[in-house]
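S.K.: Please work out how this folds:
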Amino acid sequence: MGRSTRDYIIIGLKGMGMGAADVVPGVSGGTIAFISGIYEELLTSISNVNFGLLKTLKKEGFKVAWKQLNGAFLASLFLGIFISIVSLAKTIKYLLENEPILLWSFFFGLVVASIIFIGKQVENWNYKFLFLAMFGVAFGYIITITSSTTLTEINYLFLVFAGAIASCAMILPGISGSYILLLMGVYPVVMTAITHRDFTIISAIGIGVILGLLLFSRLLKWLFKKYKNQMLVVLTGLMLGSLNKVWPWKKVLSWRENSKGIQVPLHEESISPLLYEGDNKLVLAISFIIIGFLTIFLLEKLGAKTND
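M.R.: Below is the predicted model of the structure:
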C-alpha cells in the first residue's frame, strides 16, 4: 500500500498513544492499536520477522526485505511508542503519585469507551458468547486483585522473562503490560531505569519484549484469523473486568516500602467516591472520565480515516 509522509506521522502518533497507555498499569497499548485501526497490520508485520525474511535479505537485498517486513510502518509505530514512553515516564510517575484520581479518571473513561467500541465489533451475540465474556470478566478482575510482588534483587534473566510476558499483554487488548510488570514486582524498577537511563535494565526488558512480540504475535494472528468473534468477546470481557484496576477512588488496605524507603500502596480496594477519605475531586474526575471517553472516539475516527 502506498503511504505518504503524513500517513507515517499519523502512525507515529498512534504509536505515541500506545506508548502512553503502556506506561500506565491497567491500560493496554493493544487496545489503542485496535481502536485506531492498526492492530491486524501490527500483528501481520511483526509476524513477518522470520527465516523467510532473512532469505529475502540475503538473496534480494535490504530494500526488498524492508518492504516484505513492512518496515516503514513498524519503524514509525515503534518510534512513536519509544518517544512516548521515554518522554512520559516521568510525567506519568508524577501523576500516579500526586494526582492519581484525575489520571485514573481519564483512563477509566478511555477503557469504558474501548469496551463499547470492541463490543460493537462482535457479530451476532449469543448465549455462548455471553459465557465467554463472563470468563473474560472473571479473568480480568482476578488479575486486578492479584497482589504484586517485590524484588529483593535484580536478575538480568528474570528481567528478560518479565519483558517477554509483559509484551504479550502489551499487544493483547484488555490486558496491561505495565500491570503485569507491577504484579511481577518489576514495574518500579523499570520506571526508575527509564527516568535514570539505566541501559542495563532497559536492554534486558527490551530483549524480553522483542522475544515476546515475535512469539506471541503469531499466535494472536492465528486466533484472530480463526476465531475473531470469540476473541473480541473475550477481550470485551477482559476490559470490563479490568475496570476495577482503573477505578479512580481507592482505599489503601496495606502499604509497602519502595527502593527509596517511601511507603507506597500494596493492597487497595475500589470504593465509592462518597466514601473516599479526603478530596474526592468528583467534578474534575467526571470531566476527565468524559475526556478519556471522547478520546477513544477521536482515535476511532482517526483510524477509520487512515484506513479509507
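S.K.: okay, stretch 24-39 in PDB with CA atoms only?
M.R.: Provided in PDB are the C-alpha atoms of stretch 24-39 (Å, rounded to 0.1, in the frame of the first residue of the first chain):
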ATOM      1  CA  VAL A  24       0.100   3.100  33.000                       C
ATOM      2  CA  PRO A  25      -0.700  -0.100  34.900                       C
ATOM      3  CA  GLY A  26      -4.200  -1.200  34.000                       C
ATOM      4  CA  VAL A  27      -4.300   0.300  30.400                       C
ATOM      5  CA  SER A  28      -3.400  -1.700  27.300                       C
ATOM      6  CA  GLY A  29      -1.500  -0.300  24.300                       C
ATOM      7  CA  GLY A  30      -3.000  -3.200  22.300                       C
ATOM      8  CA  THR A  31      -6.500  -1.600  22.900                       C
ATOM      9  CA  ILE A  32      -5.200   1.700  21.400                       C
ATOM     10  CA  ALA A  33      -3.800  -0.200  18.400                       C
ATOM     11  CA  PHE A  34      -7.100  -2.000  17.900                       C
ATOM     12  CA  ILE A  35      -9.300   1.100  18.100                       C
ATOM     13  CA  SER A  36      -7.000   3.200  15.900                       C
ATOM     14  CA  GLY A  37      -7.300   0.600  13.100                       C
ATOM     15  CA  ILE A  38      -3.700  -0.700  13.000                       C
ATOM     16  CA  TYR A  39      -4.000  -3.800  15.200                       C
END
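S.K.: Quick check on K251: phi, psi?
M.R.: Torsion angles at K251 (phi, psi; degrees, to the nearest 10) stand at phi -110, psi 130.
S.K.: wait, I meant M170
M.R.: Main-chain dihedrals, M170, degrees, to the nearest 10: phi -60, psi -30.
S.K.: and what of V49?
M.R.: Dihedral angles (degrees, to the nearest 10) for V49: phi -80, psi 100.
S.K.: From L274, how far out is it?
M.R.: Going from V49 to L274 by C-beta to C-beta, to the nearest Å gives 51 Å. For the C-beta atoms, the positions are set from N, CA and C on the backbone; glycine is no exception.
S.K.: Ok, M239 next?
M.R.: 26 Å.
S.K.: More neighbours: which of those two?
M.R.: Between M239 and L274, counting by other C-beta atoms under 10 Å, M239 is the more crowded of the two (27 against 8).
S.K.: Give the full set of residues in contact with that one.
M.R.: 28, 31, 111, 114-115, 118, 136, 140, 173-174 (C-beta atoms under 8 Å, 6 or more residues apart in numbering).
S.K.: could those residues go into CSV alongside neighbour count, pLDDT and secondary structure?
M.R.: Shown next, in CSV, are the contacts of M239 (neighbours: other C-beta atoms under 10 Å; pLDDT from 0 to 100; DSSP: H, G, I helix; E, B strand; the rest coil):
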residue, neighbour count, pLDDT, secondary structure
S28, 29, 77, coil
T31, 31, 81, helix
V111, 26, 85, helix
S114, 31, 85, helix
I115, 20, 88, helix
I118, 22, 85, helix
G136, 22, 88, helix
G140, 23, 82, helix
P173, 25, 76, coil
G174, 26, 70, coil
